[in-house]
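Asker: Sequence first, predicted model second:
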Amino acid sequence: MWSGHLLGGQWSDQYATGYAFRHWDAEFWRATGHPPQWNPYTFAGHPTFGVFGDLFYPTAWLRLVLPTALAMDLGFVLHYVLAGFALYLLLRLLGVSWTGALTGGTAYQMSGVVVSLVSPGHDGKLFVSALLPVMLIGLVLAIRRRRVEGYPLFALGVGLALLSPQYQMTQYALLTSALFTLYLTFGEPEGLSTRERWLAIAGAGAGVVLGFGVSLIQVLPFFHYIPYSPRAEAAGYAFSTSYAMPWSHVPELFMSGFTGHYETYWGPNGLKLHSEYLGLPVIALAALGIGGPRRKLVWWLVGIGGLFLLVCLGNGTPFYRLWYALVPYVKQTRAPGMALYVVALSVSMLAAFGVERLEQGEGKRGMQIALAGAALLLLMALANVFGSIATGIARSLSVADPAHSLAAAQAAQKQILTGALGSALGLGVVAALAMTFLRGRMAPAAFAMLLIVLVGADLYRAGRDFWQWSRPEQGQFAQDPILQHLDSVARPFRLLDPPGGVYRGSTLIRSKVQQAFGESGVELRAIDDLLGGRLRWANLNHLNLWRLLGIRFLTLPDTVSVPGFHRVLGPVTTGAGTPAFLYEADSIPPYARVVPAAVKGDTGEVIPILLDPRLDYDLLVVFDRFQPVNPLPLAGQQMPAPSPSRAAFTHWAPGRMSVQLDPPPPAASYLLISENWYPDWHATVDGATAVVLRGDQTFITVPVPAGARRVELTFASRDYARGRLIMWASLVLLGMWAVAGRLLENRARRRG
């Protein structure tokens with residue numbers, strides 16, 4: 001980490017996209033003194049605050065003072081430390097022994113679903129996984145310890161989780177916190193009166209409200225972005241249950257590597273970049289903990305873990321139909337398998353209780369069973385039973401490519417054997433250690449340290465392959481002749497790198513090159529529709545559309561003849577090792593144009609009109625019927641004469657443009673700019689406020705009167721401004737709540 005490597009290999013979202021976004025965010029923030037509100041570099045532009053991003057999460061600030069790779073690495077590493085330490089503190093607050101609490105914290109921070117989050121690069125999921133025990137600490141402090149400052153701590157955890165911003169994981173954390181609140185108030189209230197119970201629930205509710213207040217700087221723009229998102233509409237039950245944990249994955253909860261990963265994944269999901277291994281020694285300790293004296297807490301944890309295990313299984317059980325129908329926003333999300341982190345938390349806490357039983361001299365029978373089970377599993381692993389089971393399941397799966405699944409299962413045989421042997425040996429060694437201690441042949445201190453090390457070693461063995469490092473500035477993001485050439489070209493312009501072409505994901509953001517595509521999922525739905533549908537891009541073969549998009553450059557991995565383009569460079573090799581050719585348009589397409597006339601049509605008519613090769617984009621702008629404009633009818637249905645006015649940029653930067661019209665248009669016209677319209681764009685024409693419309697399906701369009709000379713465009717989010725104000729107010733209220741609580745406690749203590 002300290003040598004400049006990025007914690008993310010070739011499969012990581014951070015390597016493909018996250019690094020470029022974060023590098024540009026930090027560079028812009030340092031240069032301007034404020035975070036960027038508009039990103040013009042992918043899909044013709046999109047807002048930065050509304051889409052997923054961690055700009056307001058505290059670790060993002062590290063990127064302002066540290067190299068991007070180091071700051072991103074620290075974001076991961078610090079949260080792994082927080083995940084383990086916070087669960088340790090929670091268990092100590094619940095009265096668990098030092099050894100039990102440290103074992104539980106180790107089991108959670110290194111459980112497969114948590115420790116492997118670096119593999120897909122899902123830092124937001126890790127942030128929420130680490131914050132969940134922090135939220136529970138706040139509830140225990142407030143409700144059980146009667147320390148009012150616990151509520152502000154809980155609220156701060158809620159706010160940070162929302163700023164992560166992994167909203168689906170946060171939803172699971174909020175539901176877990178609600179169930180834990182019910183446990184503390186009604187399940188095992190420990191002396192709380194009826195009034196105090198309801199006050200505790202009210203306090204937790206107020207914490208949620210203030211937590212949302214803290215996050216509104218991000219959440220408020222997000223909610224207003226939803227109608228413009230390609231994921232705004234529910235895609236159906238099949239979509240919402242995609243990337244659940246199939247039943248074929250369940251053995252991996254006990255046996256690491258059972259379903260393979262990366263190239264050797266053989267299950268029914270499209271891909272698998274993570275581990276679901278809970279740790280066989282951890283599960284054995286958790287089973288021992290179920291029989292301990294903490295009956296009520298145990299069964300609440302079993303219930304919470306069981307509930308979220310059902311969520312993980314998705315359409316594998318009928319339960320998810322009920323969840324899908326009742327829980328808000330489930331219809332807009334997918335991958336319920338990510339709820340496994342709550343299961344890992346519950347199992348780790350139960351394992352801590354199991355360690356306590358061992359310290360008290362109990363559980364000998366359970367450890368004997370574990371030792372015998374380890375021997376049996378070891379024999380089964382040596383006989384390749386688990387590899388045969390995996391091959392049989394892969395053969396029976398109903399997937400798009402059964403031959404691939406079977407081949408992957410066969411390729412994973414060594415991995416399955418190694419994982420089964422490691423899990424069996426881990427269980428056997430931990431069980432043998434416990435038996436040695438229970439027979440009085442080992443000192444408590446030695447037992448404690450060895451137990452923690454062995455539990456951690458088993459999880460480390462299973463998780464270490466998911467930690468991969470790269471040097472982005474010397475690889476994918478390294479400068480090449482194409483990027484060096486583009487660096488000398490005046491902005492703005494747009495480059496088309498077709499999907500699956502030369503540059504992966506949103507790599508070009510790092511070099512501040514505006515591209516027609518990028519990482520899909522954060523763009524605006526209107527541009528998706530214009531390009532022919534998300535991930536289909538059926539309209540890409542309409543070369544006349546390229547001119548509307550302002551595409552000046554084209555990169556391809558091979559040399560071809562493209563009408564209207566000529567080769568500038570190539571062949572060259574990119575930093576990622578991809579062969580590349582650069583083409584440039586024979587005539588530079590305008591990024592901004594003055595259009596003399598407009599027409600309106602039904603929503604479904606706009607794109608077919610734009611795709612018609614007879615349409616000259618310089619003569620006519622097309623509005624849908626929802627735009628608040630009434631263009632004059634075309635005289636005799638004849639196309640107008642081209643405008644003599646030309647639009648030239650005197651200033652262009654992300655979210656801010658100045659356009660000079662020379663000569664001024666002789667009649668009322670429209671300035672159309674090849675960046676996406678969004679409600680937060682604001683314009684002035686010669687100093688007077690002007691309306692900003694959505695023309696030609698998705699582009700910024702400003703009506704200009706005859707004689708107009710200068711148009712200024714600024715992207716300024718009102719939601720961001722309001723959210724920032726509410727955030728500061730919420731933080732002040734949280735501080736006042738914590739201080740007032742502490743003062744009242746001190747006053748009560750002085751009174752005896």
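Answerer: Cool, got the structure.

Asker: wait, isn't Val606 in contact with Asp624?
Answerer: Yes - under the criterion of Cβ atoms under 8 Å, Val606 makes contact with Asp624 at 5.2 Å. Every residue, glycine included, has its C-beta placed from N, CA and C.

Asker: who has more neighbours, the two?
Answerer: For Val606 and Asp624, the more surrounded residue by other Cβ atoms under 10 Å is Val606, and the numbers stand at 24 against 17.

Asker: isn't there a strand covering Lys600?
Answerer: Yes - under DSSP: H, G, I helix; E, B strand; the rest coil, Lys600 falls within a strand.

Asker: With adjacent residues omitted, what lies nearest to it?
Answerer: Nearest non-adjacent residue to Lys600, counting by Cβ to Cβ, 6 or more residues apart in numbering: Phe623, 4.8 Å away.

Asker: Report the secondary structure state of the one you found.
Answerer: Going by three-state DSSP: Phe623 is strand.

Asker: The one 3 residues further on too?
Answerer: Put simply, Phe626 is coil when judged by three-state DSSP.

Asker: Only the buried residues of the helix or strand containing Val732, if you could.
Answerer: Per DSSP states H and E, Val732 falls inside helix 718-750. For helix 718-750, a neighbour-count test (16 or more other Cβ atoms under 10 Å) marks 719-720, 723-724, 726-727, 730-731, 733-734, 737-738, 741 as buried.

Asker: and what of stretch 287-298?
Answerer: By neighbour count on 16+ other Cβ under 10 Å, the buried set for stretch 287-298 is Ala287, Leu288, Gly289, Ile290, Gly292, Arg294, Leu297, Val298.

Asker: And the chain, split by domain according to the record?
Answerer: Annotated domains of the chain cover 63-230+717-752, 233-267+275-465, 478-585, 592-716 [automatic domain parsing].

Asker: what's the span of the third one from first residue to last?
Answerer: Counting by Cα to Cα, to the nearest Å, the length from the leading to the trailing residue of domain 478-585 is 25 Å.

Asker: Likewise for the last one?
Answerer: Using Cα to Cα, the end-to-end distance of domain 592-716 comes out at 20 Å.

Asker: For that domain, give the mean pLDDT please.
Answerer: Confidence for domain 592-716, expressed as mean pLDDT, is 93.

Asker: how far out from the middle of the chain is that domain?
Answerer: 35 Å (Cα atoms, centre = their mean, to the nearest Å).

Asker: Tell me where the model's unsure across the protein.
Answerer: Where the chain drops to pLDDT under 70, the residues are 52, 232-234, 520, 634-637, 752.

Asker: Can you verify my assumption that Leu744 contacts Val148?
Answerer: Yes - using Cβ under 8 Å, Leu744 makes contact with Val148 at a distance of 6.7 Å.

Asker: Would you map the helices across the stretch 101-250 of the chain?
Answerer: All helices of the stretch 101-250 of the chain, identified by DSSP state H, counting those that start in this stretch, fall at 112-115, 123-139, 150-163, 167-182, 194-225, 237-240.

Asker: same question, the stretch 301-450 of the chain
Answerer: 319-326, 340-359, 364-382, 385-396, 402-411, 413-438, 444-463.

Asker: For the shortest one, name the packing helices and strands.
Answerer: It refers to helix 319-326. helix 237-240, helix 295-313 (3 or more Cβ pairs under 8 Å, 6 or more residues apart in numbering; DSSP states H and E).

Asker: contacts for it?
Answerer: With contact meaning Cβ atoms under 8 Å, 6 or more residues apart in numbering, helix 319-326 is reached by Tyr237, Ser240, Thr241, Ala244, Leu310, Val311, Leu313, Gly314, Val330, Lys331, Pro336.

Asker: can you check the fourth one too?
Answerer: Here helix 385-396 makes contact (Cβ under 8 Å, 6+ apart) with 248, 251, 255, 258-260, 266-267, 380, 402, 405-406, 408-410, 412-413, 416-417, 420.

Asker: Thr317 and Ser398, how far apart?
Answerer: 18 Å (Cβ to Cβ, to the nearest Å).

Asker: which one of the two has more residues nearby?
Answerer: A count of neighbours by other Cβ under 10 Å puts Thr317 above the other of Thr317 and Ser398, at 16 against 7.

Asker: Tell me if I'm right that that one and Leu310 touch.
Answerer: Yes - shown here, Thr317 and Leu310 form a contact pair, counting by Cβ under 8 Å, at 5.8 Å.

Asker: Going by neighbour count, which residues of stretch 493-504 are buried?
Answerer: Buried, per 16+ other Cβ under 10 Å, within stretch 493-504: Phe493, Arg494, Leu495, Leu496, Asp497, Gly501, Val502, Tyr503, Arg504.

Asker: which of the residues you listed lies closest to Gly687?
Answerer: Taking Cβ to Cβ as the measure, Gly687 lies nearest Phe493 of those, at 28.4 Å.
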